[in-house]
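Q: Next input, structure requested:
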Amino acid sequence: MARQLSVARLENKKLLSERAQCYHLEFSVPAAESFPFISGQFVSVVAEDGNGKQQTRAYSIASGPSANRFDLCVNRVEGGFFSNRLCDLEPGQEVNFHGPHGLFTLRKPLTDSIFIATGTGIAPMRGFAEHLFPESGEDRSEGRHIWLVYGTRHESELYFQKYFEKLAAERPNFHYLATLSRPHEGWEGLRGYVQDHVADVVTRRAAGTPEITVAEGAPYDIHAYICGLNEMVSGNRDRLTGLGWDKKQVIFERYD
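A: Modelled structure (predicted):
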């Protein structure tokens, strides 16, 4: 059975990285007053290619729920039909999609959490952050400590960097760790791969820094949410289970 399609209209477009040709795309769903979804879910965009064949591609939503809007974070891919099509959109143009879909969502009750991302895997993490720490309205973090460990090669590919730095400065229970695998000489932040710094977070947390809070009734008092390429996801899963974590504590989404 064919899925029912909706129409999304591009409202705003921002270049996040000239080097990576990555764009932040803000869409509305004109036919609906609201577009309900759970932070971390994705939409599937649908279009016909040059051969008249219908193509579908899934993209994580890069925002928290807000009226009839949702955001995407998309970079150009050499020979990529859908990514390049979306990157070429201009405000006012429309795309067909279905969704929301997916189970990459925050588990309940909420626990202390480590968000782990590389590249455009930051998209659902931004959605999580907007949900937990809205600009207006009630803080939904319940005082849980949230670590975001975000890795990429170059500083120019740290998407939404100012947003996360501002959030970390304003919210004492949100911790932003950005690491580069190919840093320039002037880079003063973390270096290396995300799994090394994730292990450091886990070790320091086990030592009680910051103070551990346990969600009442939760089977585990901490979860990890991982989004990125398969090798990174597997590397972090292996590192965490090697530190004694149960596999059910690790929730992941990979896009290759």
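Q: Quick one: neighbours of residue 142, just the number.
A: Applying other C-beta atoms under 10 Å, we find 12 residues neighbouring residue 142. For glycine as for every other residue, the C-beta is placed from the backbone atoms N, C-alpha and C.
Q: Just give the closest residue to it, not the sequence neighbours.
A: Excluding its sequence neighbours, the residue lying closest to residue 142 (C-beta to C-beta, 6 or more residues apart in numbering) is residue 110, at 5.4 Å.
Q: distance of that neighbour from residue 187?
A: Remark: distance between residue 110 and residue 187 (C-beta to C-beta, to the nearest Å) = 33 Å.
Q: Tell me which of the two has more neighbours.
A: A count of neighbours by other C-beta under 10 Å puts residue 110 above the other of residue 110 and residue 187, at 17 against 14.
Q: Let me know whether residue 248 touches residue 224 as I believe.
A: No. Applying C-beta atoms under 8 Å, one finds residue 248 not in contact with residue 224, separated by 10.8 Å.
Q: and the end-to-end length of stretch 183-199?
A: 21 Å (C-alpha to C-alpha, to the nearest Å).
Q: Contacts for it, please.
A: Contact partners of stretch 183-199, identified using C-beta atoms under 8 Å, 6 or more residues apart in numbering, comprise 114, 116-118, 149-151, 154-155, 177-181, 224, 232, 235-236, 239-240, 243.
Q: so residue 233 makes contact with residue 239?
A: No. Residue 233 lies out of contact with residue 239 (C-beta under 8 Å); the separation is 11.0 Å.
Q: returning to what we had before: have a look at residue 248 and residue 224 and say which one is more surrounded.
A: Neighbour totals were compared for residue 248 and residue 224, and residue 224 leads with 22 against 10 (other C-beta under 10 Å).
Q: Sticking with that one, tell me its helix or strand.
A: Residue 224 is located in strand 222-228, with elements delineated by DSSP states H and E.
Q: and that strand, C-alpha only, in PDB?
A: Output in PDB follows, covering the C-alpha atoms of strand 222-228 (Å, rounded to 0.1, in the frame of the first residue of the first chain):
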ATOM      1  CA  ILE A 222      22.200   6.500  31.900                       C
ATOM      2  CA  HIS A 223      21.700   5.900  28.200                       C
ATOM      3  CA  ALA A 224      23.800   6.700  25.100                       C
ATOM      4  CA  TYR A 225      22.200   7.900  21.800                       C
ATOM      5  CA  ILE A 226      24.500   7.500  18.800                       C
ATOM      6  CA  CYS A 227      23.900   8.800  15.200                       C
ATOM      7  CA  GLY A 228      26.400   8.700  12.400                       C
END
